[in-house]
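Participant: Sequence first, predicted model second:
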Amino acid sequence: MHLPDSQLCWIYRGQGMATFGADSQPEACPLPQPGPGEVLARVDAVSICASDVKMIEMANDYPLFKDRDFSRHPAVLGHELALTVVACGADRLRDWPPGKRFGVQPDVWLNGERFCIGVNVAGGMAQYVLLGKEVFTSDNGCCAFAADPAISDAALAQTEPLACVEAAFVQHSRSDMKAQGDLLIWLAEDSQQPFILDMPLTASRITLVGDAEAFRRSVSGLPDRHYDYQPQLPARQFDDIIILGNPDGATLSRLTAGMAVNGLLCWLPDSEPQAMVAADIAQIHYHNLSLLGARSRRLSDAFSRQRYRYDYQPGGTLILSGGGGTMGRIHLQRALKSARAPAKIIVTGNSPHRLERMASDFAGLINAAGIEVYYLALQTTPDFAAEMARLVGSQGATDIVVCAPGIEPLSEVVDFLADDGLLVLFSGTRYGQHGPLPLGQVAWQQVTISASSGSSVQDQLRVLEKIASGEALPDFNVAAIGGLMTLKEGLQAVKTGRFTGKVVIYPQLTSLPLLALDQLDSWDRRLAATVNESGWSLLAERLLRESYPQPGDSPG
């Protein structure tokens with residue numbers, strides 16, 4: 001396969017959309033050559049993620065860009081990829097020969113160091129991408145996978161966002177206290193109830209906050225050892241936090257903020273507590289935290305697996321808050337196709353236009369599923385809370401998924417969560433934004449709070465299985481296509497909500513204009529007829545490349 005000496009790349013220099021590209025154009029860059037352990041891949045498709053827009057707008061405020069010097073280390077974004085091997089190091093030739101089509105998990109770890117394709121590793125908003133040993137020999141094994149020849153490049157690129165949705169319904173946080181960790185036990189001053197710590201406390205350091213005599217009087221199960229007694233909460237973070245009794249709201253917020261990354265918090269109240277605590281929602285979303293509790297005042301009850309669930313309540317009521325965007329559409333499609341499907345789904349959003357388009361697009365799937373689906377637009381609903389209460393009913397929503405960033409999509413719906421409900425904090429937001437977290441409902445009722453950021457290659461492989469069985473429909477999400485030159489326009493379209501689904505860029509079709517699928521008639525009638533009949537597909541991509549071939553490059 002003949003390769004050029006250079007390629008076109010979109011480069012981000014860290015100061016908002018104005019510094020994405022050079023005069024709003026991609027730049028010519030040398031084509032890298034693969035060394036030992038590396039693979040050079042052609043980017044056949046890159047789908048635009050809302051996180052790409054967040055990265056560009058937030059720059060160093062974006063968690064994974066923190067303290068980056070963009071003048072020395074500009075970024076090439078793009079992490080939702082469909083790839084084909086064009087060259088590789090000799091040690092990769094057997095498993096990754098030229099011509100092999102594959103997908104990749106972009107968030108990988110090697111020797112405990114995080115490598116994120118499209119963040120701190122050059123991504124796919126370019127014609128080619130060089131992948132190293134962090135992908136093929138990561139701490140979790142190989143994070144690349146062969147593609148099913150029956151699926152489109154658009155579908156292959158979307159295995160990552162679909163996998164993020166799948167990962168939201170899998171428990172990733174710890175279900176046990178950390179051995180040799182740092183444990184904090186906080187006891188309310190006025191607590192008169194007995195607390196039973198009937199599990200091994202194997203932390204290497206245990207800090208007790210509260211009166212020593214109250215601990216001796218009210219708490220059984222503390223191991224016979226020296227403790228670090230503190231009169232006030234220490235200003236550091238802990239692997240595990242156990243709350244005994246009922247703190248006031250400010251103390252609850254401080255305790256929640258004291259969880260380390262991958263931390264665990266367990267609350268055993270001595271009477272019905274306040275339902276909500278003001279918490280940094282970005283911390284909950286990004287830090288892989290475990291939130292447990294029980295009203296019995298017995299520690300082992302809080303760790304009972306039967307208290308928590310991580311998927312829909314079959315026949316229940318699901319709220320997709322902020323669900324009018326692309327990820328909300330993926331969540332809706334998953335719920336409609338699930339073996340554990342709810343009986344009722346309520347999709348909320350700001351814009352009635354996007355919800356109306358969603359209702360039209362999903363009508364066939366909804367009829368086939370036999371599920372009640374309602375759309376509630378904040379802009380046009382005079383009394384949103386009253387209408388939501390009417391739709392949810394007296395039992396509350398068994399499941400709530402927060403699909404959009406910010407505090408409002410959470411605060412608008414969290415009060416409707418049922419006593420045994422599942423709250424999924426799917427969308428991240430900026431650090432420092434505090435919103436209502438129903439921690440009291442975790443402790444006193446049967447509420448589960450789950451949050452996830454990203455996915456694993458195992459999640460993507462599960463998506464491939466669902467695509468093969470017809471349970472996942474990534475091509476259904478495609479709303480617009482374009483070539484590499486239109487990528488910045490595509491980002492702006494995602495930012496403004498111009499399209500109601502995914503924007504997929506085909507970098508090898510350099511000058512292909514940005515085209516909405518419902519406007520293909522004016523551009524290519526044969527392609528439009530195929531898409532109108534059966535939607536975007538592998539066949540549609542073949543027709544696209546036949547009608548719009550890229551000079552000097554063979555079709556995908």
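Facilitator: Great, that's in hand.

Participant: What residues of stretch 141-160 count as buried?
Facilitator: 143-145, 147, 151-160 (16 or more other C-beta atoms under 10 Å). Every residue, glycine included, has its C-beta placed from N, CA and C.

Participant: what's the distance between that stretch and the middle of its chain?
Facilitator: 18 Å (C-alpha atoms, centre = their mean, to the nearest Å).

Participant: again, but for stretch 12-27
Facilitator: Remark: stretch 12-27 is offset 26 Å from the chain centroid, using C-alpha atoms, centre = their mean.

Participant: Can you dump the C-alpha atoms of that stretch in PDB for me?
Facilitator: Taking Å, rounded to 0.1, in the frame of the first residue of the first chain, the C-alpha atoms of stretch 12-27 are listed here in PDB:
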ATOM      1  CA  TYR A  12      -5.800  22.100  19.000                       C
ATOM      2  CA  ARG A  13      -3.600  24.700  20.800                       C
ATOM      3  CA  GLY A  14      -5.500  25.100  24.000                       C
ATOM      4  CA  GLN A  15      -7.400  28.400  23.900                       C
ATOM      5  CA  GLY A  16     -10.900  27.500  22.800                       C
ATOM      6  CA  MET A  17     -12.400  26.900  19.400                       C
ATOM      7  CA  ALA A  18     -10.400  29.700  17.800                       C
ATOM      8  CA  THR A  19      -7.200  27.700  18.300                       C
ATOM      9  CA  PHE A  20      -8.600  24.500  16.800                       C
ATOM     10  CA  GLY A  21      -6.900  24.300  13.400                       C
ATOM     11  CA  ALA A  22      -4.900  27.000  11.600                       C
ATOM     12  CA  ASP A  23      -7.300  29.600  10.300                       C
ATOM     13  CA  SER A  24     -10.100  27.000  10.700                       C
ATOM     14  CA  GLN A  25      -8.200  24.500   8.400                       C
ATOM     15  CA  PRO A  26      -6.400  21.200   9.100                       C
ATOM     16  CA  GLU A  27      -2.600  21.400   8.900                       C
END
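
Participant: mind putting the buried residues of stretch 141-160 in a markdown table, pLDDT, distance to residue 460 and secondary structure included?
Facilitator: As requested, the buried residues of stretch 141-160 are exported to a markdown table (pLDDT from 0 to 100; distance: C-beta to C-beta, whole Å; DSSP: H, G, I helix; E, B strand; the rest coil):
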| residue | pLDDT | distance to residue 460 | secondary structure |
| --- | --- | --- | --- |
| 143 | 96 | 9 | coil |
| 144 | 97 | 10 | strand |
| 145 | 97 | 7 | strand |
| 147 | 95 | 11 | coil |
| 151 | 97 | 12 | coil |
| 152 | 98 | 15 | coil |
| 153 | 98 | 15 | helix |
| 154 | 98 | 15 | helix |
| 155 | 98 | 12 | helix |
| 156 | 98 | 10 | helix |
| 157 | 98 | 11 | helix |
| 158 | 97 | 10 | coil |
| 159 | 97 | 4 | helix |
| 160 | 96 | 7 | helix |
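
Participant: Contact partners for residue 177?
Facilitator: Contacts for residue 177 (C-beta atoms under 8 Å, 6 or more residues apart in numbering) come out as 183, 199, 201-203, 239-240, 264.

Participant: now do 6 Å
Facilitator: By C-beta atoms under 6 Å, 6 or more residues apart in numbering, the contact list for residue 177 reads residue 240.

Participant: I figured residue 44 was touching residue 80, is that so?
Facilitator: No. The criterion here is C-beta atoms under 6 Å, and residue 44 misses it with residue 80 at 12.0 Å.

Participant: what pLDDT does residue 60 get?
Facilitator: Looking at residue 60, its pLDDT is 87.

Participant: Could you give the secondary structure assignment for it?
Facilitator: With DSSP: H, G, I helix; E, B strand; the rest coil as the basis, residue 60 sits in helix.

Participant: Can you give me the buried ones in stretch 39-58?
Facilitator: Result for stretch 39-58 [16+ other C-beta under 10 Å]: buried residues 39-56.

Participant: Same check on stretch 24-44?
Facilitator: 26, 29, 31, 34, 37-44.

Participant: what's the most distant pair in those residues?
Facilitator: Farthest-apart pair in these is 26 and 37; separation 27.8 Å (C-beta to C-beta).

Participant: what about the residue of the chain most remote from its centre, which SS state?
Facilitator: Largest separation from the mean C-alpha position in the chain: residue 213, at 45.4 Å (C-alpha atoms, centre = their mean). Secondary structure state of residue 213, per three-state DSSP, is helix.

Participant: tell me the domain ranges of the protein?
Facilitator: 6-168+458-547, 182-304, 309-451 (automatic domain parsing).

Participant: Any idea which of the ones you listed gets closest to residue 174?
Facilitator: domain 182-304 (4.9 Å).

Participant: isn't residue 229 right next to residue 209, touching?
Facilitator: No. Taking contacts as C-beta under 6 Å, residue 229 lies outside contact range of residue 209: 7.9 Å.

Participant: neighbour-wise, which of these two wins?
Facilitator: The residue with more neighbours, out of residue 229 and residue 209, is residue 209; 21 against 12, by other C-beta atoms under 10 Å.

Participant: What does the more buried one show for phi and psi?
Facilitator: In terms of degrees, to the nearest 10, the main-chain angles of residue 209 are phi -110, psi 120.

Participant: And for it, nearest residue in space, chain neighbours not counted?
Facilitator: Spatial nearest neighbour of residue 209, excluding adjacent residues (C-beta to C-beta, 6 or more residues apart in numbering): residue 186 at 4.6 Å.

Participant: can you pull out the helices in the stretch 251-400 of the chain?
Facilitator: Counting by DSSP state H, counting those that start in this stretch, the segments of the stretch 251-400 of the chain that form helices are 281-286, 299-302, 326-337, 352-369, 384-392.

Participant: Can you classify the closest residue to residue 151 other than its chain neighbours by secondary structure?
Facilitator: Distance criterion C-beta to C-beta, 6+ apart; nearest residue to residue 151, sequence neighbours excluded, is residue 467 at 5.9 Å. Following three-state DSSP, residue 467 is assigned to helix.

Participant: Tell me the pLDDT of residue 467.
Facilitator: pLDDT at residue 467 comes out at 96.

Participant: How many residues are close by it?
Facilitator: 22.

Participant: Residue 21 against residue 10, yeah?
Facilitator: Yes. Contact criterion C-beta under 6 Å: residue 21 and residue 10 qualify, at 5.3 Å.

Participant: Looking at the two, which has the bigger crowd around it?
Facilitator: Applying other C-beta under 10 Å to residue 21 and residue 10 shows that residue 10 carries more neighbours, namely 27 against 20.
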